[in-house]
Each structure stands twice: as C-alpha cells, then as structure tokens.
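S.K.: Got a predicted model here, sequence first, then my questions.
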Amino acid sequence: MAVTALVVYLVWAVLAFGLRTFLQWCRTGDTGFRGGGLGKGTVQWWARVLFTGALLIGAAGPIAALAGLAAVTALDHTAVQVAGTALALGGVAGTLAAQTSMGNSWRIGVEEAERTELVTGGAFSLARNPIFTTMIVTAAGLAAMVPNAIALFGLVVTVVAVQMQVRAVEEPYLLRTHGDAYAAYAAEVGRFLPGVGRLAPPQGVQR
C-alpha cells in the first residue's frame, strides 16, 4: 500500500502541477505561478511555506511507511486503506477537473495588481474553491492509505495551508478585485462544499 500511495502522490503532483503548468504555458505563454518575491512574514508567504511543507510531508508519509514506520493502530485496517485509495484517486481526478474548469484563469498564488475573469461555472458552481477541496480530499486519501504519524501530520498542514490561503489571501483579493460580483457569488456558493461557508450577501441583494 505504501508503494501505491507513493505512486498516486507522484502522479497527482506531476499532473496537477507539472502538466497543468506546461499546458498553461503552451496556451498563454504564462506558467500561472504568482507570488514570486513575496515579502517574508506576509500571510501569503506563510501560506506558501505551509503548502511547500505539506507537499514534502505528503511524499514523506509513504516513504516513511516503506522505511518501516508503523501506522497508527486505530487506523491500521484494510477498510481504511481501501477507502483512502478511493479518496486519493477521486481527489486526483477532481483536482484535474477543477483546474480544467478554471481555464486560462488558472493561477497558483495571487498577484495583487492582476485581474482575471471571475470563474463561476463548472466545478466552481458547486464550490468556490474546488481545487483546494480536491487537494484536501487527495491528502486525506493518502493519509488513510498509509496512516502513520507523518502522513497524518501532512494532512493537518495541508488543511491549515488551504484555510490560510483561501480565507486570508484569496477571498480578500477577490472581493477587492471583483467587488459585488464576487460577493454575490460567494453568497450563493459554498467555500469548499456546496452550501457550506457562504458569505453574507452584499447590501441590497436579496437571496
């Protein structure tokens, strides 16, 4: 199972970051990466640090299992591993689908002066941050496949990084950039799951 988890992780990383970046560059001449030269200690800088740590720990969990690190006893069951495999594979597929929904507006990070199209269709009609949702699903699945302390810690770091990036960086940026259009969208569509985490509607807008 550790080998399978490592393969799934590597496939996800190559497709979600490597291939997606290459396709974005082929289509637009732009890799989609933002946030170079972030001020040390800013919220986006810390979110980037946590994301980087989560990616490294995500690989470390299966590697540690291969090296002999035991799983947490309460989670060391075949049913948990099978469910984790299904979650991880679903998360990989969901990540790619959500990235496709974003089209040429796909970005990693935020550039304050940049204004891209507000995407509300496809996967974004179900949740405002479907890419992050599926990243968490993938991390949860991988942690269930090899439920050792390192993998579980990686899941926690992933969730914290996503929450920080979405709540403290991306949502404020989108509100500043798209104003009432984003506020109205956020009042109808949940943050990570359908109907959950909707924002209060802008003044004068009836739901």
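M.R.: Perfect, I can see it now.
S.K.: CA atoms for contacts and neighbours, from now on please.
M.R.: Will do.
S.K.: Give me the most central residue, this structure.
M.R.: residue 132 (2.6 Å; CA atoms, centre = their mean).
S.K.: same for the helix or strand hosting that one, what does it pack against?
M.R.: In the assignment (DSSP states H and E), residue 132 maps to helix 130-145. Identification of packing neighbours for helix 130-145 by 3 or more CA pairs under 8 Å, 6 or more residues apart in numbering; DSSP states H and E yields helix 2-13, helix 43-66, helix 78-102, helix 149-164.
S.K.: got the angle for the lowest-mean-pLDDT helix or strand in the chain vs helix 78-102?
M.R.: Every helix and strand in the chain was compared by mean pLDDT, DSSP states H and E; the lowest is helix 20-28, with a mean of 85. Angle, helix 20-28 to helix 78-102, by axes from the mean of the first three to the mean of the last three CA atoms, to 10 degrees: 10 degrees.
S.K.: Dump the helices and strands packed on helix 130-145 to CSV, plus mean pLDDT.
M.R.: Shown next, in CSV, are those (pLDDT from 0 to 100):
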stretch, mean pLDDT
helix 2-13, 93
helix 43-66, 90
helix 78-102, 94
helix 149-164, 94
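S.K.: Just tell me which of the ones you listed ends up closest to residue 185.
M.R.: helix 78-102 (15.3 Å; CA to CA).
S.K.: quick check: angle from that closest one to helix 2-13?
M.R.: Using the same axes, to 10 degrees: helix 78-102 against helix 2-13 is 10 degrees.
S.K.: Give the full set of residues in contact with the spatially closest residue to the residue nearest to the centre of the chain that is not a sequence neighbour.
M.R.: Using CA to CA, 6 or more residues apart in numbering and skipping the chain neighbours, the partner closest in space to residue 132 is residue 162 (6.5 Å). Going by CA atoms under 8 Å, 6 or more residues apart in numbering, residue 162 touches 47, 51, 132.
S.K.: From those, pick the one nearest residue 97.
M.R.: residue 132 (12.0 Å).
S.K.: Now that we're looking at that closest one, what pLDDT does it have?
M.R.: pLDDT for residue 132: 94.
S.K.: what does the one 10 residues further on give?
M.R.: Here the pLDDT value assigned to residue 142 is 95.
S.K.: That one contacts residue 85, correct?
M.R.: Yes. With contacts counted by CA atoms under 8 Å, residue 142 reaches residue 85, the gap being 7.0 Å.
S.K.: Neighbour count: the two, which is higher?
M.R.: The residue with more neighbours, out of residue 142 and residue 85, is residue 142; 35 against 24, by other CA atoms under 10 Å.
S.K.: Next, count neighbours for residue 178.
M.R.: Neighbours around residue 178, by other CA under 10 Å: 14.
S.K.: Look up how far residue 97 lies from it.
M.R.: Relative to residue 97, residue 178 is positioned 24 Å away (CA to CA, to the nearest Å).
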